[in-house]
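K.L.:
Model the following, please.
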Amino acid sequence: MKPINLEEIQRLYQTAHFIRHLGMRLVDAGEGWCETEIEIGERHQQQDGFIHAGVQATMADHSAGTAAATLIRPGQYVLTVEFKINLLRPAQGERLRCRAQVLKPGKSLSVVESELYTQKLVSKATVTLAVLDKALD
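P.N.:
Below is the predicted model:
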């Protein structure tokens, strides 16, 4: 397995404009997993003051992609092909954290689970990502 290059993975957060706009940041990553967080402000909230489901879905998806990216070869990338999220309770708090873990790595598809927390588990997603070769685009 290749060693994890945190600087290379961090670029996934700096070059993704929407992720940067949300203020999502990589906290840590290892082989097949990552942890991310967002400091919650008004822009992340829906009309009743809870963290918007779209913010949670984006965080779950991008974190899953990051976890899967720790296991691919140079010259490859991952792209979400299927996504399911369960919103378990209204999410509120000053910080939203996510831990994404690869459940099944594969040569063409990987399955990743993302769990999002404030003080408690607020949502859980299962994300399937295609593993693609950049040269074949």
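K.L.:
Point to the helix or strand of the protein where mean pLDDT is at its lowest.
P.N.:
helix 6-14 (a mean of 84; mean pLDDT, DSSP states H and E).
K.L.:
Return the set of buried residues in that one.
P.N.:
By neighbour count on 16 or more other CB atoms under 10 Å, the buried set for helix 6-14 is I9, L12, Y13. Quick note: C-beta positions are derived from backbone N, CA and C, even for glycine.
K.L.:
What of stretch 99-118?
P.N.:
Under the neighbour-count criterion of 16+ other CB under 10 Å, stretch 99-118 has 99-102, 105, 110-118 buried.
K.L.:
now do stretch 70-83
P.N.:
Those would be T70, L71, I72, Y77, V78, for stretch 70-83 by 16+ other CB under 10 Å.
K.L.:
what's the answer for stretch 19-27, then?
P.N.:
Those buried within stretch 19-27 under the rule 16+ other CB under 10 Å are I19, L22, M24, L26.
K.L.:
Determine which two of those residues are furthest apart.
P.N.:
Farthest apart among the buried residues of stretch 19-27 by CB to CB are L22 and L26. That separation is 12.8 Å.
K.L.:
circling back to that earlier point, filter the buried residues of stretch 70-83 down to the ones in strands?
P.N.:
Using DSSP state E, the subset of the buried residues of stretch 70-83 located in strands is Y77, V78.
K.L.:
Any chance of the buried residues of stretch 70-83 in TSV with distance to A57 and pLDDT as columns?
P.N.:
As requested, the buried residues of stretch 70-83 are exported to TSV (distance: CB to CB, whole Å; pLDDT from 0 to 100):
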residue	distance to A57	pLDDT
T70	21	94
L71	23	94
I72	23	93
Y77	20	93
V78	17	96
